[in-house]
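# my questions concern the predicted model and sequence given below.
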Amino acid sequence: MKIYMKKLATLARPALLLGCADLAEKPVGLLAPEALFKTPKDVETAISGAYGWIASERLYGRQFVSALSLRDDMCDIGDRGTPAERQQVNDFNMDDNNNMVNQFWPYWYQVISATNAAIAGAQQLGLPDSEMNPLIAEARFVRAFSYFHLVRVFGDVPYIDFFITNPAAVKELKRTPAATVYAGILADLEFAKQNLPDQQPSNVRSRPTKGTAASYLASVHLTLQDYAKAYAEAKWVIDNKDKFGYGLEADFQTLFRAPQANNLKEHIFAVDFLGLQSGEGGANDDIMAPMTGVRGGDAPRSGWSVIVPSQKVFDTWDDRDYRKEVSFDDSLLIGGKLVPYSQFPNTKRPHIAKYARFAGNSNAEGRYSDHNYAAMRYAEVLLIAAEAGAEVNGPTTETIGYVNEIRARARNWAGKAGTFPANVAPGLSKQAFIDLVLEERRIELAFEYKRWYDIQRRKLGDVVFKGANSLEPHPNFSAARDYLMPIPRVELQVNPNLAPQNPGY
């Protein structure tokens with residue numbers, strides 16, 4: 001998908017005021033949707049621009065997803081020479097001036113600003129509902145996607161669901177209670193589910209459909225512990241998978257081999273990067289391959305050893321699981337010789353392979369890849385249905401079957417049948433099965449920016465960071481502080497109405 005970053009500069013200006021703009025020194029002037037939107041194509045451009053902000057270095061290209069990764073119990077800092085801001089996020093000692101947060105906070109609001117502009121523009125074009133509503137639905141989905149991340153990371157955040165025509169008013173905004181933000185997210189997703197198509201042109205997965213909206217409704221309800229609704233939405237997606245073209249890819253490695261097709265059947269919503277292309281403001285700059293790759297490897301597999309699993313993550317993962325083979329690099333060509341991780345020059349641990357192994361069209365370090373990152377894939381919907389269904393009815397043949405579908409795929413070693421992991425047998429207690437599903441999520445979705453949200457929503461921090469079986473011990477983890485990140489200090493300085501700061505910062 002093309003990235004319309006330059007055209008969206010005007011639409012982003014109000015959002016940038018949430019990123020420490022000085023209103024006295026940088027007047028922006030008044031904006032009006034009727035001056036910016038003349039045709040449906042203009043609305044599509046605004047929506048495309050929103051996707052462009054997501055596929056940027058500040059969000060899915062590095063900063064935001066790196067913060068999610070480092071926060072969980074699967075990813076640790078490798079090279080301790082990396083900037084302190086990353087170590088602070090990983091080590092639970094960040095303050096309210098952390099530069100990773102300073103980078104991604106305003107970018108999420110640029111996405112939101114573009115969607116609000118698109119909605120306002122579509123509404124004033126005078127189109128029939130059949131033409132207008134799909135445009136608005138796509139923008140509202142992207143807005144919901146953005147706020148779903150923001151509310152989980154920060155809790156109460158400013159909720160802006162209108163096109164800002166007076167930028168000076170931004171400095172009066174207050175934080176909106178998380179419950180109200182979630183209500184807005186659900187309303188946007190419900191509208192999207194009703195008005196988006198079953199499939200987008202060419203069945204691309206970087207634009208949402210009814211199935212995408214329903215999948216995210218399931219995820220939001222799961223986060224809110226409304227398990228009956230989470231199960232119902234996930235079940236609806238599963239029951240209609242053929243209509244949407246969903247299914248599990250036969251080979252797990254296919255999901256992490258760039259360049260991927262734009263219509264992989266397992267992708268429900270993908271963030272699409274274009275190989276060897278970049279733009280202003282970090283547009284299309286994907287740096288996750290070098291961030292996770294081995295420092296000192298031979299090109300094109302050389303990286304920076306920044307985000308590296310702890311040794312225990314690797315050691316406790318059963319070698320018979322094909323997903324381990326796909327997820328880790330435990331040997332690499334260095335100086336023309338294949339060496340084990342014990343001889344890696346910088347961080348002598350197995351590294352994440354999902355992004356660095358097959359970065360496709362990219363530079364010598366894997367940067368500027370053409371990965372299509374799965375923000376949501378069909379395997380996750382199966383696991384949502386299994387977890388939520390078990391919360392409602394306990395483990396049933398149906399919910400056990402969802403997990404077994406994923407395990408059956410995991411037994412396919414690139415076309416060669418394996419025997420591990422075995423199917424889940426009946427007879428587990430409700431809690432034992434839910435624990436099994438959470439563990440299946442940890443393995444199946446490893447390093448895909450999901451684990452931190454599972455720790456947060458299940459309040460597992462004291463167990464996974466302090467417990468006897470901790471994969472990445474952090475005895476200083478504080479449940480009173482660390483489930484949320486701080487509102488950037490600079491935001492509070494520009495707009496004191498955003499106070500109070502999150503607890504503990």
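Alright, I've got the coordinates.

# buried set for stretch 137-152?
137-152 (16 or more other CB atoms under 10 Å). Where C-beta positions appear, they are placed from N, C-alpha and C, glycine not excepted.

# just the residues you listed now: which is nearest residue 337?
For the buried residues of stretch 137-152, the minimum distance to residue 337 (CB to CB) is 42.1 Å, reached by residue 149.

# just checking, the closest one touches residue 105?
No: the pair residue 149 / residue 105 is not scored as a contact, 10.8 Å apart, by CB atoms under 8 Å.

# which intervals of the chain have sub-threshold pLDDT?
The model of the chain has pLDDT under 70 over residues 1-32.

# number of nearby residues for residue 432?
11 (other CB atoms under 10 Å).

# and the next helix or strand past the helix or strand harbouring it?
In this assignment (DSSP states H and E), residue 432 forms part of helix 430-444. Counting by DSSP H and E, the element after helix 430-444 in chain order, helix or strand, is helix 451-457.

# which ones are touching the residue positioned nearest the centre of the chain?
The centre of the chain sits closest to residue 375, judged by CA atoms, centre = their mean, with a distance of 5.0 Å. Neighbour list for residue 375: 60, 145, 269-271 [criterion: CB atoms under 8 Å, 6 or more residues apart in numbering].

# that one in helix, strand or coil?
strand (DSSP: H, G, I helix; E, B strand; the rest coil).

# re the thing from before, now do the helix holding residue 432: which elements does it pack against?
helix 378-393, helix 397-410, helix 451-457 (3 or more CB pairs under 8 Å, 6 or more residues apart in numbering; DSSP states H and E).

# what does the first one contact?
Identification of contacts with helix 378-393 by CB under 8 Å, 6+ apart yields 215, 218-219, 221-222, 227-228, 230-231, 234-235, 237-238, 241, 246-248, 265-268, 396, 398-400, 402-403, 405-406, 409, 430, 433-434, 437-438, 440-441, 444-445, 450.

# in it, which residues are buried?
378-391.

# mind listing the strands for this protein?
Ranges of strands within the chain are 76-77, 267-272, 307-308, 328-329, 331-334, 337-340, 351-352, 372-377, 412-413, 416-417, based on DSSP state E.

# which one of the contacts of residue 375 is nearest to residue 117?
Closest to residue 117, out of all of the contacts of residue 375 and judged by CB to CB, is residue 145, at 16.3 Å.

# looking at it, that closest one is touching residue 216, isn't it?
Yes: Residue 145 is within contact range of residue 216, at 6.8 Å (criterion: CB under 8 Å).

# show me the common contact partners of those two, please.
What both residue 145 and residue 216 touch, as defined by CB under 8 Å, 6+ apart, is the set residue 269.

# nearest to residue 313, of the buried residues of stretch 137-152?
The closest of the buried residues of stretch 137-152, once distances to residue 313 are taken by CB to CB, is residue 152, at 22.7 Å.

# thought that closest one was touching residue 223?
Yes: at 6.9 Å, residue 152 counts as touching residue 223 under the criterion of CB under 8 Å.

# list residues touching both of these two?
Joint contacts of residue 152 and residue 223 (CB under 8 Å, 6+ apart) are 453, 457.

# how long is stretch 79-94 end to end?
With CA to CA, to the nearest Å applied, stretch 79-94 spans 18 Å between its terminal residues.

# list the buried residues in stretch 213-232.
Those would be 213-224, 226-227, 229-232, for stretch 213-232 by 16+ other CB under 10 Å.

# quick one, which of the contacts of helix 378-393 are buried?
Buried among those by 16+ other CB under 10 Å: 215, 218-219, 221-222, 227, 230-231, 234-235, 237-238, 241, 246, 248, 265-268, 399-400, 402-403, 405-406, 409, 433-434, 437-438, 440-441, 444-445, 450.

# isn't residue 325 up against residue 413?
Yes: with contact defined as CB under 8 Å, residue 325 reaches residue 413; the gap is 7.5 Å.

# follow-up on the earlier one: tell me the one of the buried residues of helix 378-393 nearest residue 90?
residue 380 (24.3 Å).

# from residue 246, how far out is that closest one?
Computed as CB to CB, to the nearest Å, the residue 380 to residue 246 distance reads 11 Å.

# same thing with residue 390?
22 Å.

# just residue 338 next, same as before
Where residue 246 is concerned, residue 338 sits at a distance of 38 Å (CB to CB).

# contacts only, for residue 444.
Taking CB under 8 Å, 6+ apart as the criterion, residue 444 is in contact with 323, 379-380, 383, 406, 410.

# one more pass at 7 Å, please.
Going by CB atoms under 7 Å, 6 or more residues apart in numbering, residue 444 touches 323, 379, 383, 406.

# thanks again, I'm all set now.
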